[in-house]
Structures are given as structure tokens and as C-alpha cells.
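A.B. asks: generate coordinates for the sequence data below:
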Amino acid sequence: MYLSHRRWLPASWASRSRIEPGSADLGHVVAGVARVGGIRLPSFARDWHETRWDRFADDPSAAATLFRGDTLLHTDLNPDNILLGPGSTWIVDWAWPSRGAAFIDPACLVLQLLAAGHTAASAESWAAHCPAWRTAQPRALDAFATACFRMYRTHSLRSPGAAWLSVMTDAARAWLRHRGIAQR
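C.D. replies: Residues are numbered from 1 along each chain as shown. As a prediction, the model looks like this:
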């Protein structure tokens with residue numbers, strides 16, 4: 001069961017999104033991510049500043065500027081958390097909501113698309129359907145891509161049996177290469 005607009009919906013009405021290249025779900029997924037970016041930050045979330053990527057940035061003090069903002073962020077956009085039903089898209093499992101730069105959720109989607117088999121150019125072209133991606137500073141995207149690679153690499157080295165971390169590390173590495181950033 002999922003709560004949607006104050007009413008419970010049976011999970012059988014919704015299915016896990018498919019984000020691999022060529023999936024018919026991609027437009028719905030991206031539209032859902034764009035809608036999340038348009039949600040007004042609730043007053044109770046004002047102190048939920050996103051900081052998890054700061055320590056992995058080249059310059060943590062710059063990250064404090066580049067990764068901050070007034071947008072409500074989901075930060076765990078993966079196919080299990082994006083459900084599709086007849087005429088609707090639900091972004092569920094808000095376990096790590098935070099406040100930050102508007103480009104972060106579309107950037108998280110880029111990584112998921114890469115992990116699902118997209119090229120970096122394809123993943124970024126899907127993200128470009130989100131207004132927050134189109135207005136993001138390239139410097140902020142580069143810093144975020146770098147921080148993501150370092151974060152996933154660090155966690156992957158600490159948990160070598162977690163295959164999903166290796167997949168995400170490879171996705172972040174491909175994104176860095178596409179953006180012309182040397183791995184550090």
C-alpha cells in the first residue's frame with residue numbers, strides 16, 4: 001500500500017519503473033523527477049541541509065555552496081522508488097529527504113540511468129528534461145559527479161561484497177569520463 005494525496009492505494013495498481021535504454025517508462029520517470037523538483041520546501045524541512053557528499057568533494061567548502069539550495073530533495077531515486085500506474089507516477093520511500101541544490105535529484109537520476117545501461121550522453125539528455133538540470137552550473141555538476149564517484153568508490157572498497165556499490169562506482173566513473181574529469 002502507498003499513500004498518495006491522503007488516500008491509500010494498493011501496490012498492485014503500481015509497478016516498479018524500468019529505466020533501461022529504450023524503456024517506455026523513461027518519460028514518465030523524468031516527469032516525476034521534474035515534479036519533485038517543483039515541490040515547495042515545507043517549513044519543517046528548512047534544517048535538513050544535504051551534506052553527505054561534502055566530504056567527498058575536491059573542496060568541501062565549495063561544496064557547501066554548490067550543493068546547497070532551497071529545494072526538497074528525495075536523493076534515493078532508483079527504479080524501486082519510482083512507481084508507475086495508470087496515468088500516474090509516484091516517487092516513494094522518502095527515507096533520506098533533505099534540502100539542497102535543485103540539480104541533485106536529476107543528477108542522482110543520471111547515475112541510476114548509467115547503472116541501467118545508458119551512455120552518459122543519453123543519461124544527461126534525459127536529465128535535461130528537468131528544469132533544475134538545465135539551469136545547473138557546469139562547475140556544480142562536475143563537483144557533484146566527482147563527489148559521487150569518490151563516495152561510491154569509498155563505500156565499495158569498504159563493502160566489497162555489495163555488487164550494487166560496484167555498479168554505482170562504475171556508473172560514476174563513466175560520468176566523470178564523459179564530463180572530462182580525471183579520477184582522483
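
A.B. asks: what element comes up after the longest helix anywhere in the chain heading to the C-terminus?
C.D. replies: In the chain, with assignment by DSSP state H, the single longest helix is helix 138-158. Per DSSP states H and E, helix 138-158 leads on to helix 163-179 as the next helix or strand towards the C-terminus.

A.B. asks: what angle separates that following helix from helix 138-158?
C.D. replies: 150 degrees (axes from the mean of the first three to the mean of the last three C-alpha atoms, to 10 degrees).

A.B. asks: show me which positions of helix 163-179 end up buried.
C.D. replies: Applying a neighbour-count criterion of 16 or more other C-beta atoms under 10 Å, the buried positions in helix 163-179 are 165-176, 178. Yep, even glycine has a C-beta here, placed from its N, CA and C like the rest.

A.B. asks: number of residues surrounding the nearest residue to Ile82 once chain neighbours are set aside?
C.D. replies: Nearest residue to Ile82, sequence neighbours excluded (C-beta to C-beta, 6 or more residues apart in numbering): Ser17, at 4.2 Å. When neighbours are defined as other C-beta atoms under 10 Å, Ser17 has 23 of them.

A.B. asks: wait, doesn't Ala95 sit right on Asp76?
C.D. replies: Yes. With contact defined as C-beta atoms under 8 Å, Ala95 counts as touching Asp76 (6.4 Å).

A.B. asks: neighbour-wise, which of these two wins?
C.D. replies: Using other C-beta under 10 Å as the criterion, Ala95 and Asp76 rank with Asp76 on top: 17 against 9.

A.B. asks: and the gap between the nearest residue to that one once chain neighbours are set aside and Thr169?
C.D. replies: In this structure, Asp76 finds its nearest non-sequential neighbour in Trp96, 5.3 Å apart by C-beta to C-beta, 6+ apart. Trp96 sits 19 Å away from Thr169, taking C-beta to C-beta, to the nearest Å as the criterion.
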